[in-house]
Each structure stands twice: as structure tokens, then as C-alpha cells.
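>>> Sequence plus the predicted model coming up.
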Amino acid sequence: MKQYLLSVCYPAGSTQPPPEALKKIMRDVQAVHSEMQAAGAWVFGGGLYPANTATVLRHQGGGIVTTDGPFIESKEQIGGISVVKATDLDEALDWGRKLAQAIGVPIEVRPFFDNHAP
């Protein structure tokens, strides 16, 4: 089985939905995660704090430079991730579709390198 990263992509600078809408989203996401677990596809998942809470470490001038904030300024930011096991991309895309429907934002599906790949 291959592993795939399902990234939850939010518009940069967006705000959290109202509490009632957020509760429904969280219930729907938990239902998808439970379905993934029951199918044996679940590896790991979780939500992330906003990008402005990030710390970036860069190798620069022979040392490590630490800066606050996101690595890049972009139109979208990752708000959470799920890692799933799937037999192929089509199966991973099916899980991504379910998350996109549950959350209402784009989901990026990306394969991990195989253990034997460089």
C-alpha cells in the first residue's frame, strides 16, 4: 500500500466559521476519519494552528536562522492533514473527495515516495 498526504487548503487570512458551522464540519470530518479507520486506510491526521504560529528554520551561512511566521506568503495555507494508506491514487482521491465534501475547502492529495524510491 502507498501512503498519501491529504492537505486541507484554506484561503490565506480566512477566519474560522461560526461555532455552529465549525461543529458540523468537525463532526463530518470525524465521520470521514472514522470511515478511514474502519477501512484500514487511516495512518495519521490532525488540524493545524494558523500559519502565523509557524517557526521556520533555515540553513544559512553555516548556521541555522530561526524566523517566525509561514515559510512563504501564499494565497492558500494548510489547515490540517490526513495521511492515508491506499492501493492507488484513485482510492486516495476518493478519501480526498470525502474530506472536501465534509470541510468545504480544497484538499490536495499527494503521494509519499515509496520506501525504495530515492
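Nice, thanks for sending it over.

>>> Every contact and neighbour count from this point should use C-alpha atoms.
Noted.

>>> The helix or strand W95 falls within packs against which elements?
Following DSSP states H and E, one finds W95 within helix 89-103. Applying 3 or more CA pairs under 8 Å, 6 or more residues apart in numbering; DSSP states H and E, we find helix 89-103 packed against helix 19-39, strand 76-86, strand 107-111.

>>> let's see 6 Å
Other helices and strands packing on helix 89-103, by 3 or more CA pairs under 6 Å, 6 or more residues apart in numbering; DSSP states H and E, are helix 19-39.

>>> Between helix 89-103 and the helix it packs on, find me the angle.
150 degrees (axes from the mean of the first three to the mean of the last three CA atoms, to 10 degrees).

>>> Show me what counts as buried in stretch 33-50.
Within stretch 33-50, the residues scored as buried using 16 or more other CA atoms under 10 Å are H33, M36, A41, W42, P50.

>>> Can you pull the phi and psi angles for G47?
phi -90, psi 160 (degrees, to the nearest 10).

>>> From the buried residues of stretch 33-50, pick the one nearest D88.
A41 (11.6 Å; CA to CA).

>>> Surely the closest one is in contact with T87?
No - counting by CA atoms under 6 Å, A41 stays clear of T87, with 9.4 Å between them.

>>> Quick check: the gap between the nearest residue to N52 once chain neighbours are set aside and Q16.
What sits nearest to N52 in space, not counting adjacent residues and going by CA to CA, 6 or more residues apart in numbering, is G69, at 4.6 Å. For G69, the distance to Q16 (CA to CA, to the nearest Å) stands at 19 Å.
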